[in-house]
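Participant: Mind folding the following:
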Amino acid sequence: MRMTPQDHHDIAEAVTEAETRTSAELVCVITQESADYREVPLAWAAVAALMAPAAAFSLGLSPHLLTHLVNGWVAAHSSGFDAAIRVSLGAYAMAQSAVFLAVWMLVSWPEVRRFMTPAGLRNRRVHEAALRQFVARGISNTQEKNGVLIFVSLLDRRVEVLADAGIHAAVPTGTWDKAVAAIRHAMRANKPATGLVEAVHICADALAPAFPAGDHNPNQLPNRPVEI
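Facilitator: Reported below is the predicted structural model:
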């Protein structure tokens, strides 16, 4: 999913309109993916290398079959050792190496890696990325501590809404859940910008009663979405 210039314009317009009704500052940050998850291919490869050869040999795979595939390298170098032990250990090591490399290469493909990444890891990485953006974009530095971040990780298909300390007690329960649900629903239709616009309006509707715009309503943070 890619954001177009029109998507950026629509989201900026929604934020601008929202901030005419509330003194709260709304910031939208969009990323394709919150982490590279390099540990995922390594973890799956390690698990497969530990389990697959053991399962294969326990089911009757002969170590000699693997040594023949590499022209009997192990058998040819078995002098001074018990041949059976040498062949078995060599074959097992080769099987583990082959499985590790094959699984690592397979899971390193982005589409496969995304499918194989545990949901809990995704949730944690997206939350951590949202917290970093909350600080990096200055949302924690607004005058009334009423900044709100809407963070969308497109390929992770995750959404985080983070609000500063001055907001939580004043906002109706479930407001952020509604905003998140709106974006997730739109993402399923491959229209994340539409969901972000709706989420901005949901947040503004909830924020306006507690944080009305008032006569002095400086725009402290950019209205255009940030795409990283």
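Participant: what comes up buried for stretch 166-175?
Facilitator: Residues of stretch 166-175 classed as buried under the neighbour-count rule (16 or more other CB atoms under 10 Å) are 166-167, 171, 175. The way it works is simple: take the backbone N, C-alpha and C, and place the C-beta from them, glycine included.
Participant: so where do the helices sit in the protein?
Facilitator: For the chain, the helices defined by DSSP state H occupy 5-18, 39-58, 63-69, 73-76, 83-108, 110-116, 119-136, 175-188, 192-207.
Participant: what about residue 20, neighbour count?
Facilitator: Counted with other CB atoms under 10 Å, the burial measure for residue 20 works out to 11 neighbours.
Participant: Can you give me every residue that contacts the closest residue to residue 167 other than its chain neighbours?
Facilitator: The spatial neighbour of residue 167 that comes closest, neighbours along the chain excluded (CB to CB, 6 or more residues apart in numbering), is residue 146 at 5.4 Å. With contacts defined as CB atoms under 8 Å, 6 or more residues apart in numbering, the neighbours of residue 146 are 23-25, 163-164, 166-167, 207, 211.
Participant: mind redoing it with 7 Å?
Facilitator: For residue 146, the contacting residues are 23-25, 164, 166-167, 211, taking CB atoms under 7 Å, 6 or more residues apart in numbering as the criterion.
Participant: Over to residue 185?
Facilitator: Taking CB under 7 Å, 6+ apart as the definition of contact, the neighbours of residue 185 are residue 195.
Participant: Pass me the low-pLDDT residue ranges in the chain, would you?
Facilitator: Across the chain, residues meeting the criterion (pLDDT under 70) sit at 56-91.
Participant: How is it divided into domains?
Facilitator: The chain resolves into domains spanning 5-36+118-227, 39-116 when parsed by automatic domain parsing.
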